[in-house]
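Visitor: need a 3D model of the sequence below.
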Amino acid sequence: DAAIQYIERTPFEWEHNSIGKSNKIYPPFTPIVCKDNKISCVLREHIVNELGFWDQVTRQGNKLLSGTMRLEAIQKGKKLSWKTSLKFTEKAEHRVTHTAKAECSAAAVNIKSTWDYDGMMKVEMDIEARGDGKLDELALVVPMKKEEAKYFHPTTYLRANPAGKIPAGKGVVWDSRKAY
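Guide: Alright, predicted model coming up:
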């Protein structure tokens, strides 16, 4: 026969309530300011493009990008062109959200970005094949200025995230496929 053991569960005061949940912004953080395609948060200013990615990010007066952040789709050795659109869905002091759509002959991408007042931008992308759906490459390009890009720290899985100094050299000296 199976043994039966009864356990008395004690609910805690912090369960199933809103204690600690707030949209209040605590110093040293500042409210997000969103005007047109410019999003400003603590110590940074971002200019976003029609994908919601960064055309430029400025930190304390220093421009960090050498070009526009973008998606690149390569099919049969040729870059495909994208039709894009951006829509802001929330503009509040503690959070900004926007959605974007991008379509090319081989893929459609729906992008949702959520900004927190601390400057974190969470990006969610849904990618769907179009046409034959065959791509040689689909890359998110983030062209950092060399003097600003000294280290790498990709997020891979669990607790095995490599980090280090970007190796010296010309061309591609490291890419995220080496993280696995």
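Visitor: quick check: closest non-adjacent residue to Gly67.
Guide: The shortest distance from Gly67 to any non-neighbouring residue, by Cβ to Cβ, 6 or more residues apart in numbering, is to Pro143 (4.0 Å). Quick note: C-beta positions are derived from backbone N, CA and C, even for glycine.
Visitor: test my guess that that neighbour contacts Leu64.
Guide: No - at 9.8 Å, Pro143 does not count as touching Leu64 under the criterion of Cβ atoms under 8 Å.
Visitor: quick one, which of the two is more surrounded?
Guide: The residue with more neighbours, out of Pro143 and Leu64, is Leu64; 18 against 14, by other Cβ atoms under 10 Å.
Visitor: what sits against the more buried one?
Guide: Applying Cβ atoms under 8 Å, 6 or more residues apart in numbering to Leu64 gives the contacts Gln56, Val57, Thr58, Met144, Lys145, Glu148.
Visitor: just Glu93 next, same as before
Guide: By Cβ under 8 Å, 6+ apart, the neighbours of Glu93 are Asn23, Ile25, Pro31, Ile32, Tyr117.
Visitor: now it, what's its secondary structure?
Guide: The three-state label given to Glu93 by DSSP: H, G, I helix; E, B strand; the rest coil is coil.
Visitor: now do stretch 84-92: distance to the chain's middle.
Guide: The chain centroid and the centroid of stretch 84-92 are separated by 15 Å, computed with Cα atoms, centre = their mean, to the nearest Å.
Visitor: and if you look at stretch 75-93?
Guide: 13 Å.
Visitor: okay then, goodbye and thanks.
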